[in-house]
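*Asks:* here is my input; please provide its structure:
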Amino acid sequence: MLWAIETQHHTETLMILEIGMKVLVAHRRLFEHDQARLFFGTVEGYDAGIARITGYTWLRDGFRGGFRRKDDLRTKIVAIASGSVIVYQLEASLDLEALEIKVEGDRVVARDGHEFLMDLSEGAPVNPGAPLARR
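*Replies:* Numbering: from 1, shown residues only. This next block holds a predicted model:
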């Protein structure tokens with residue numbers, strides 16, 4: 001997907017996704033009990049709203065809690081304009097091999113052991129000692 005930006009003197013075309021960009025693809029959950037599915041990877045190609053991304057799938061582990069990474073490196077073809085995924089641009093320095101997703105207190109965070117940190121929590125943090133808000 002290209003965006004054209006016109007200024008007074010010239011038109012500049014911007015590519016939304018570029019080769020080498022690190023991204024998180026979060027699949028929208030369509031039903032109440034759908035589990036979170038996340039895919040962290042590197043953009044290998046992009047054209048007309050379709051991206052080829054190589055990386056790792058992360059699934060919520062219903063048995064032990066938290067998340068687990070599938071062992072196999074995969075290349076996915078993702079229609080980013082489909083409305084069924086949300087794509088986040090991540091820092092270029094993210095180390096995909098070192099990435100971990102952990103539950104820390106009332107938050108779910110992704111870390112690579114270096115500089116990268118992303119809060120993946122959904123909704124408001126749970127604080128059992130806090131009074132309930134009035135509705």
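*Asks:* show me the shaky parts of the protein.
*Replies:* Low-confidence regions of the chain, defined here as pLDDT under 70, cover residues 1-15, 123-135.
*Asks:* nearest spatial neighbour of the residue sitting nearest the centre point of the chain, skipping sequence neighbours?
*Replies:* In the chain, the residue lying closest to the centroid (Cα atoms, centre = their mean) is residue 24, at 2.4 Å. Counting by Cβ to Cβ, 6 or more residues apart in numbering, residue 88 is the residue found nearest to residue 24 once chain neighbours are left out, at 4.3 Å. C-beta coordinates here come from the backbone N, C-alpha and C atoms, glycine included.
*Asks:* buried residues in the host helix or strand of the one you found?
*Replies:* The secondary structure element spanning residue 88 is strand 85-89 (assigned by DSSP states H and E). By neighbour count with 16 or more other Cβ atoms under 10 Å, strand 85-89 contains the buried residues 85, 87.
*Asks:* hmm, back to that, roughly how far does the residue nearest to residue 24 sit from residue 20?
*Replies:* Taking Cβ to Cβ, to the nearest Å as the criterion, residue 88 is separated from residue 20 by 16 Å.
*Asks:* next one: residue 54
*Replies:* Counting by Cβ to Cβ, the gap between residue 54 and residue 20 amounts to 11 Å.
*Asks:* what is in contact with the two at once?
*Replies:* Listed as contacting both residue 54 and residue 20 by Cβ atoms under 8 Å, 6 or more residues apart in numbering are residue 42.
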